[in-house]
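Asker: take this sequence and fold it.
(chains A and B)
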Amino acid sequence: AQKITQTQPGMFVQEKEAVTLDCTYDTSDQSYGLFWYKQPSSGEMIFLIYQGSYDEQNATEGRYSLNFQKARKSANLVISASQLGDSAMYFCAMRTNNAGNMLTFGGGTRLMVKP
Amino acid sequence: DGGITQSPKYLFRKEGQNVTLSCEQNLNHDAMYWYRQDPGQGLRLIYYSQIVNDFQKGDIAEGYSVSREKKESFPLTVTSAQKNPTAFYLCASSIQKGPNQPQHFGDGTRLSIL
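Answerer: Predicted coordinates:
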């Protein structure tokens, strides 16, 4: 079975500083993908970044980067130079071939950016 | 623009009533999904469909039903058997093959009990 754990229910960060949101996962599949989504208070889910299990480089997408440590089964999201608009819920999710490409979501982390 | 449209944005259900949530996509995606989100929680899979005229139950399918008569459309019916339907419902779609394909989401429907 697949499982995603996000241990930080809520986090504060000062505007313009960097922040790391933790995500650990558990799967016996060798081929999988890890995703991060942002959910503002309006509710929509916005895809941020993807990391494949065979990717050797950490994924980056603008101010978002993924600190992928395969041996530790962790895929932490790093947001650099935080902005007020980054305040939202952030969800880590995993998709595996053997699970029919279903997404398994973590419980989320609420990030609050302080001015 | 391509995307996923969910309607209505807000929906109210009376006791004993069935209600249907609409989800339409013009991304030409094969797979479509329905999720339920309770306050402060993550997403839980209700139903998914990988191809027209076929769908499978997710983790919390009881009290819900779906159909997939067209590639673009995947409506969700919340039946009277669902005793606690108040939640935020999200529809998503994706290219079917490969674990590297993200799911794209609609803006959601908030369902409440009257």
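
Asker: which bits of chain A sit near chain B?
Answerer: Proximity of chain A to chain B (CB under 8 Å from any CB of the partner chain) is limited to residues A:31-33, A:35, A:37, A:42-47, A:50, A:52-53, A:91, A:95-97, A:100-103, A:105-108. Glycine gets a C-beta too; all of them are placed from N, C-alpha and C.

Asker: check residue 86 and give its pLDDT.
Answerer: Reading this off chain A. According to the prediction, A:D86 has pLDDT 98.

Asker: please refer instead to chain B.
Answerer: 94.

Asker: how about A:A99?
Answerer: 67.

Asker: can I get the buried part of the residues of chain A next to chain B as one PyMOL selection?
Answerer: Filtering the residues of chain A next to chain B down to the buried ones (16 or more other CB atoms under 10 Å in any protein chain shown) takes a single PyMOL command:
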select buried, chain A and resi 32+33+35+37+43+45+47+50+53+91+95+96+101+102+103+105+106+107+108
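
Asker: partners of the lowest-mean-pLDDT helix or strand in chain A in the sheet?
Answerer: Least confident helix or strand, chain A: strand A:103-105 with a mean of 91, by mean pLDDT, DSSP states H and E. Strand A:103-105 pairs in its sheet with strand A:88-96 (antiparallel), by DSSP bridges.

Asker: alpha carbons only: can I get the strand it pairs with in PDB?
Answerer: Extracted in PDB, the C-alpha atoms of strand A:88-96 (Å, rounded to 0.1, in the frame of the first residue of the first chain):
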ATOM      1  CA  ALA A  88      -2.000  28.200   1.400                       C
ATOM      2  CA  MET A  89      -2.300  24.500   2.100                       C
ATOM      3  CA  TYR A  90       0.400  22.300   0.500                       C
ATOM      4  CA  PHE A  91      -0.200  18.700  -0.400                       C
ATOM      5  CA  CYS A  92       2.400  16.000  -1.200                       C
ATOM      6  CA  ALA A  93       1.100  13.200  -3.400                       C
ATOM      7  CA  MET A  94       2.400  10.000  -4.900                       C
ATOM      8  CA  ARG A  95       1.400   8.100  -8.000                       C
ATOM      9  CA  THR A  96       2.700   4.600  -8.900                       C
END
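
Asker: the one helix or strand B:R36 maps to pairs with which strands, and in what direction?
Answerer: Per DSSP states H and E, B:R36 falls inside strand B:31-37. Neighbouring strands of strand B:31-37 in its sheet, by DSSP bridges, are strand B:43-51 (antiparallel), strand B:87-94 (antiparallel).

Asker: mind pulling the model confidence for the residue most central in space within chain B?
Answerer: Per CA atoms, centre = their mean, the C-alpha nearest to the average position across chain B is that of B:W34, at 2.8 Å. B:W34 carries a pLDDT value of 97.

Asker: how far does stretch A:23-38 sit from its chain's centre?
Answerer: 9 Å (CA atoms, centre = their mean, to the nearest Å).

Asker: how long is that stretch end to end?
Answerer: With CA to CA, to the nearest Å as the measure, stretch A:23-38 spans 14 Å from end to end.

Asker: quickly list what residue 66 is bridged to.
Answerer: With no chain named, the answer covers chain A. A:L77.

Asker: wrong chain, I was asking about chain B
Answerer: So, taking DSSP bridges as the rule, B:V66 has B:L76 as bridge partners.

Asker: got a list of what it touches?
Answerer: By CB atoms under 8 Å, 6 or more residues apart in numbering or on different chains, the contact set of B:V66 is B:W34, B:I46, B:Y47, B:S49, B:F55, B:F74, B:P75, B:L76, B:T77.
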